[in-house]
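> Here is a sequence with its predicted model. Questions after.
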Amino acid sequence: MTKTSVIIDGRAVTVDEGATILEAAKTINVRVPTLCHLHLEDLQMVNQVASCRLCVVEVAGRKPLLPACATPVAEGMEVRTNSKRVLAARRAVLELLLSDHPTDCLICVKSTNCELQKLAHDFAIDRERFRWEVNDYPEDTGSRALKRDPNKCIMCRRCETMCSEIQTVGVLTANGRGFEAIVGPAGMKPVLDTNCTFCGQCVTVCPTGALTGVSYVQDVWEALFDTSKTVVVQVAPAIRAAIGEEFGMAPGTAIPGRLAAGLRRLGFDAVFDTTFGADLTIMEESREIVERLHDQHHLPLLTSCCPGWINFLEFQFPDLRDIASTCKSPQQMVGTIAKTYYAERIGKRAEDIVMVAVMPCLAKKYEAARPEHTDSGVPDVDYVITTRELSKMLKEAGIDLRYIEDESFDNPLGESTGAGVIFGATGGVLEAALRTVYEQVNERELEDVNFTAVRGMQGVKEAEIRLNGKVVRVAAASGLGNARKLLTKIEKGESTYDVIEIMACPGGCINGGGQPYSQERAERIQARIEALYAVDKGQAVRKSHENPSVQRLYEEFLGEPGSEKAHKLLHTVYFRR
Amino acid sequence: MARINPEPKERLLATEGYAELDAYIDGLHLEPEAPRRKDTLIQALHRAQIIFGYLPDEVQLHIANRFYIPHAEVSGVVGFYNFFTTEPKGQYQVSVCMGTACYVLGADKVLQEFERLLGIRSGEISDNGKFSLDSLRCVGACGLAPVVTINDRVYGKVKPDAVEGIVEHYLVEEAQEA
Ligand code: SF4
Ligand code: SF4
Ligand code: SF4
Ligand code: FES
């Protein structure tokens, strides 16, 4: 590649032709502040609207200041990144951005993770030079999952780029002009009236508190202090590999034992593990896979663990509904079994039990609120809180996960396998299913349980496996844009896959919309994924069908996988929306 | 085919209008997978506004579906150009400038007087469809503040007590045309 040499703040720099001034400055550790700009290398997503002008620099021979994020370097260019003029201009830009922003920091959930707040802090802003009226748009919380507070929108359009280009859902756009302009659904409709899947990926890139999740923390506190209720909790696999970050631990530290201990100290009567539901999902789903492969109908089977993806299916590809697995998600399976089987065992009624789920996800909040998820007679899952919300509850209660001894989960719904744990990463559901399907069909032990071909961050991964002499082709896609590619092929009859796993979030739940915020996200996601596979590797039992508590559940309560009772309690239906 | 947008909740505008719009869009020979050019979209929106007078959600959604693009993309374009309107406009579109200069010289009183005389609030249209009223950000004629525009005509240095005369002028013009 051709190189270009430039001078930045008096230092010579050589970079690839076409690089921006911002990229060039970064190579010599000159930090130019940015706000609207976002480049996610792992997803090849670039938000380059150059609208905020916070990154302006002075270029010799050019009169106007230029945005470093969108100006390519040119041979011999001389750049000043911190002259008097530059700093004054940046300060004015920031002060104007703040001038119509709510001064809500004390009561804003995004506080300490907000990029606008951080800039104000870094620039030592200690007074308001300008004050305009703050916009007066209502908050939108009607979806029970995604919360929009439009008055905090600074028009960077990162969310729009994420939703339109990576997820290909296209919910968000600019509305209005001038100071009133904000990004939101077309015509400022509530998100519930759009095709939003509640994947929450827009939340992961919003620099401010304009996009967050609807919180259920107060409801959970109330339940915990209500002595007439048995309050039980389940935690998704992805939580254990990320929540440590909120307590200052190194990314990629998996702490299932400390997490279980922390939840018990919060006052939950029983601490369950969603991985138990994951194993249960595999029991039911592998049966579906074997049946469909045998009859060669309704193929490819599409997995159904991710409610964000299921929303996408129902909205955009309703005609493919019948090839999705009918299995409920692990969250809903644990909810239903807790309020039936477990309730019976402890001599309680379903209505006396409050089921709280801790999820990396916003779509699971929406899922739990779906009216069809009431097979126990009441809502199977009462409240869903995110990793971020749980970390705040722990902090409020003075429980520091750095200084707490490991404890185990409560049985029976706390027993897990390595297969259940890897559900949190893209490809994990598929790998778990293959471990079980292989042994069931071939009737012999799988020598190497590691299907590494379906692991990792690529958008679509594929593999082949031999079942009973026949080659079965499988694929795992993460990110809805990648899902769209596969679904379009299926519609055209061009797909040759037999089983496809789909996760709405790029990388899987580990990168869900409810996970701790992070500026160096690519490395974090990778570290979290590795942490999950390390847990899997260290587990004595690594196949779902060998989970002793799951086996007992079938013996004592459900009968066989796919039995009538299993169908009633563990399967669901999809709708055209 | 993937369904890109939610089904429209209701359709209130005339079917003939949609037929005319569809005929126009058919002539564009859009292909689901070919990248759309923004100018064809703008032309279609322009045509729709001529047909219906304005571009409410249902029309935007219809165009979005015909172009195989998300509603948000269409709405973004509609919002970007001042020319497009999502609200029905009256035969006479009264706009009162609320820029700083106009405001300081009493534009709010002028707006109130229009509201009182026409019996509508800013952003509304009168029952008979004759007048619509709204306020604008600075129109760039600060020397003439307060400024009122009615269709293509600009009125400068408007005082509240002049509003009645202006409204009357249009009512008379209307009567003469009839
Ligand atoms: S939650 Fe997902 S689908 Fe909904 S607006 Fe955000 S990115 Fe788009
Ligand atoms: S909602 Fe957030 S991400 Fe989207 S444009 Fe506004 S500030 Fe940016
Ligand atoms: S991938 Fe996981 S976190 Fe993301 S929407 Fe699906 S279930 Fe939720
Ligand atoms: S970061 Fe460069 S213009 Fe916003």
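Cool, the structure landed. Ligands and ions are numbered 1, 2, ... in the order given.
> Spell out which residues of chain B are next to chain A.
Within reach of chain A by CB under 8 Å from any CB of the partner chain, chain B has these residues: B:1-6, B:9, B:57, B:60, B:69-76, B:79-80, B:82, B:86, B:137. For glycine as for every other residue, the C-beta is placed from the backbone atoms N, C-alpha and C.
> The residues you listed, buried ones only, as a ChimeraX selection?
The buried residues among these can be selected in ChimeraX (16 or more other CB atoms under 10 Å in any protein chain shown) with this line:
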select /B:2,3,4,5,57,60,69,70,71,72,73,74,75,76,79
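> where in chain A is pLDDT low?
By pLDDT under 70, the low-scoring segments of chain A are A:177-179.
> what's the answer for chain B, then?
Residue ranges of chain B with pLDDT under 70: B:1, B:33-36, B:178.
> ok, residues contacting stretch B:43-60?
A:186-187, A:189, B:8, B:10-13, B:17, B:20-21, B:24-25, B:28, B:63, B:66-67, B:71, B:74-75, B:77-78, B:83-89 (CB atoms under 8 Å, 6 or more residues apart in numbering or on different chains).
> Residue B:154 belongs to a strand?
Yes. Judged by DSSP: H, G, I helix; E, B strand; the rest coil, residue B:154 forms part of a strand.
> so what's it up against?
With CB under 8 Å, 6+ apart, residue B:154 has these contacts: B:141, B:144, B:147-148.
> Report how many residues lie close to the closest residue to residue A:8 other than its chain neighbours.
Leaving aside its chain neighbours, residue A:8 sits nearest to residue A:79 (4.7 Å; criterion: CB to CB, 6 or more residues apart in numbering or on different chains). If you count neighbours by other CB atoms under 10 Å in any protein chain shown, residue A:79 ends up with 27.
> Skip the chain neighbours and tell me the closest residue to the most centrally placed residue in chain A.
When CA atoms, centre = their mean is applied to chain A, the residue found nearest the centroid is residue A:512 (0.7 Å). Leaving out its chain neighbours, the residue that sits closest to residue A:512 by CB to CB, 6+ apart is residue A:360, at 3.4 Å.
> for residue A:482, same thing?
Counting by CB to CB, 6+ apart, residue A:482 lies nearest to residue A:459, which is 3.9 Å off, once chain neighbours are set aside.
> And for residue A:534?
Counting by CB to CB, 6+ apart, residue A:534 lies nearest to residue A:254, which is 6.6 Å off, once chain neighbours are set aside.
> got it, and residue A:515?
Of all residues not flanking residue A:515 in the chain, residue A:360 sits nearest, at 4.7 Å (CB to CB, 6+ apart).
> so what are the domain limits for the chain?
Looking at chain A here, since you left the chain open. A:3-97, A:100-213, A:218-570 (automatic domain parsing).
> hm, I was asking about chain B
For chain B, automatic domain parsing gives the domain ranges B:15-80, B:92-177.
> Dump those into CSV; add distance to residue A:3 as well.
Output for the domains of chain B, formatted as CSV (distance: least, CB to CB, whole Å):
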stretch, distance to residue A:3
domain B:15-80, 33
domain B:92-177, 47
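> about what we covered before: go ahead and report the secondary structure state at the residue nearest to residue A:534.
Under three-state DSSP, residue A:254 comes out as coil.
> what does residue A:151 give?
Here residue A:151 is helix, with the state taken from three-state DSSP.
> With the one 5 residues further on instead?
Residue A:156 carries the three-state label coil when classified by three-state DSSP.
> Does chain B have contacts with stretch A:487-506?
Yes. With CB under 8 Å from any CB as the measure, stretch A:487-506 is seen reaching chain B through A:487-488, A:491.
> Is it possible to mark the buried ones in those?
Among the residues of stretch A:487-506 next to chain B, the ones that count as buried by 16+ other CB under 10 Å are A:487-488.
> Looking at the residues of stretch A:487-506 next to chain B, which one is closest to ligand 3?
Ligand 3 has its nearest neighbour among these in residue A:487, at 15.6 Å by CB to the nearest ligand atom.
> Give me the distance between the nearest residue to residue A:2 once chain neighbours are set aside and ligand 4.
Counting by CB to CB, 6+ apart, residue A:2 lies nearest to residue A:17, which is 4.2 Å off, once chain neighbours are set aside. Per CB to the nearest ligand atom, to the nearest Å, residue A:17 is found 20 Å from ligand 4.
> ok, residue A:17 touching residue A:23?
No. If you go by CB atoms under 8 Å, residue A:17 and residue A:23 don't touch, sitting 11.6 Å apart.
> the more surrounded of those two?
Using other CB under 10 Å, the more surrounded residue of residue A:17 and residue A:23 is residue A:23, with 18 against 12.
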